[in-house]
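Undergrad: show me the folded form of this:
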Amino acid sequence: MPDMQKRPDHRRIPIAKVGVKDISYPIVVMDKNHSLQHTVARVNMYVDLPHHFKGTHMSRFVEILNRHREQIALDKLETILHEMKAKLGSDSAHLEIQFPYFIDKTAPVSGARSLMEYTCEFSASMTDTLDFVLGIKVPLTSLCPCSKELSRFGAHNQRSVMTVRVRYREFIWIEDLVELIEQCGSSPLFALLKREDEKYVTEHAYENPRFVEDMVREAWSRLAAEENIIWFSVETENFESIHNHSAYAAVELDRRLPGQHPSHQV
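TA: Residues are numbered from 1 along each chain as shown. Okay, here's the model as predicted:
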């Protein structure tokens with residue numbers, strides 16, 4: 001049968017990324033406390049397309065994914081990217097995997113246990129070498145320092161989401177990164193709280209007010225202290241409870257660049 005994708009294209013325009021998006025697929029993630037965690041991800045797969053080809057073979061992406069069924073895990077990403085390059089005749093390959101990850105959390109006073117959901121992502125690219133980024137979205141509570149200072153009674157707080165992406169030298173547990181990030185807001189969130197826990201969390205947030213700027217600076221300081229992390233970006237969005245807008249802040253550090261050592265930015 002004719003191969004339409006391999007026919008020449010005379011516009012001579014290369015395409016940086018072409019592929020398939022939003023494939024729902026089961027994956028396996030390393031779990032610090034339970035060895036492995038099975039979850040369902042949304043997967044994006046891309047390769048580059050040289051200027052002289054009309055198109056890529058979209059079905060081959062799914063075929064590659066199916067060949068690695070029940071092996072879609074962090075230690076298999078490099079193998080999958082190599083196969084994408086080889087099967088599709090490309091110089092570069094990209095794989096984006098976003099998935100829910102659950103951590104068993106204990107309420108601060110009652111000790112009640114519950115599963116807390118976090119949105120995680122693996123972003124892997126390969127030309128000659130593998131480039132891997134781990135990303136996590138962590139929900140937090142933030143209490144406004146200005147409101148606390150001005151008000152006679154209480155202070156307004158809001159739900160926040162801190163998105164952290166890191167490149168590292170040695171393996172990092174998702175649980176450890178979440179624990180670090182949860183120290184950057186006014187209070188962590190929990191899936192289950194008893195009355196005594198709610199009292200504690202509310203008072204803890206009140207005694208620990210944070211602007212959105214405070215949160216990203218706290219994250220910057222904690223992440224920069226981790227020598228294993230060679231690059232990171234932090235974004236925080238506070239979904240304001242008394243304004244019709246969100247507050248936002250972002251920071252980044254790249255140790256690979258000259259002059260980017262943490263001591264130069266304090």
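
Undergrad: parallel or antiparallel, which strands does the longest strand seen in the chain pair with?
TA: Using DSSP state E, we find that the single longest strand of the chain is strand 15-31. Under the criterion DSSP bridges, strand 15-31 sits next to strand 35-49 (antiparallel) in its sheet.

Undergrad: what mean pLDDT does the helix or strand following the strand it pairs with get?
TA: Per DSSP states H and E, the first helix or strand lying C-terminal to strand 35-49 is helix 58-67. The average pLDDT within helix 58-67 is 90.

Undergrad: list the buried residues in helix 58-67.
TA: Under the neighbour-count criterion of 16 or more other CB atoms under 10 Å, helix 58-67 has 60-61, 64-65 buried. Glycine gets a C-beta too; all of them are placed from N, C-alpha and C.

Undergrad: am I right that K21 is in contact with V62?
TA: No. Applying CB atoms under 8 Å as the test, K21 and V62 come out as separate, 11.8 Å apart.

Undergrad: wait, a strand at E96?
TA: Yes. Assessed with DSSP: H, G, I helix; E, B strand; the rest coil, E96 lies in a strand.

Undergrad: that one against N44, yeah?
TA: Yes. Counting by CB under 8 Å, E96 touches N44, with 4.0 Å between them.

Undergrad: quick one: I174 from L193, how far?
TA: Here the criterion is CB to CB, to the nearest Å. By it, I174 lies 23 Å from L193.

Undergrad: I meant to write P145 there.
TA: Going from P145 to L193 by CB to CB gives 24 Å.

Undergrad: would you map out the domains in this protein?
TA: 1-106, 136-266 (automatic domain parsing).

Undergrad: just put the ones you listed in CSV and tack on distance to E121.
TA: Listed next are these as CSV, based on distance: least, CB to CB, whole Å:
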stretch, distance to E121
domain 1-106, 5
domain 136-266, 8
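
Undergrad: lowest-confidence stretch among these?
TA: Among those, domain 1-106 scores lowest, at a mean of 87.

Undergrad: so what touches stretch 247-256?
TA: 211-213, 215-217, 219-220, 223-224, 229-238, 240, 260-262, 265 (CB atoms under 8 Å, 6 or more residues apart in numbering).

Undergrad: list buried residues within those.
TA: Buried among these (16+ other CB under 10 Å): 211-212, 215-217, 219-220, 223-224, 229, 231-238, 240.

Undergrad: of the residues you listed, which belong to strands?
TA: 229, 231-238.

Undergrad: how about CSV for the residues you listed, with distance to V164 added?
TA: Listed next are these as CSV, based on distance: CB to CB, whole Å:
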residue, distance to V164
I229, 10
W231, 11
F232, 7
S233, 7
V234, 5
E235, 8
T236, 9
E237, 13
N238, 16
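
Undergrad: picking up where we left off before, name the residues that touch the longest strand of the chain?
TA: 36-49, 55-56, 58, 61-62, 65, 70-74, 94, 97, 99, 101, 120, 173-174.

Undergrad: cutoff 7 Å now
TA: Contacts with strand 15-31, where a contact means CB atoms under 7 Å, 6 or more residues apart in numbering, come from 36-49, 56, 58, 61-62, 65, 72-74, 94, 97, 99, 101.

Undergrad: can you select the buried ones among those residues for me in ChimeraX?
TA: Only the buried members of these enter the following ChimeraX selection, criterion being 16+ other CB under 10 Å:
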select :37,41,43,44,45,46,47,48,49,56,61,65,72,73,74,94,97,99,101
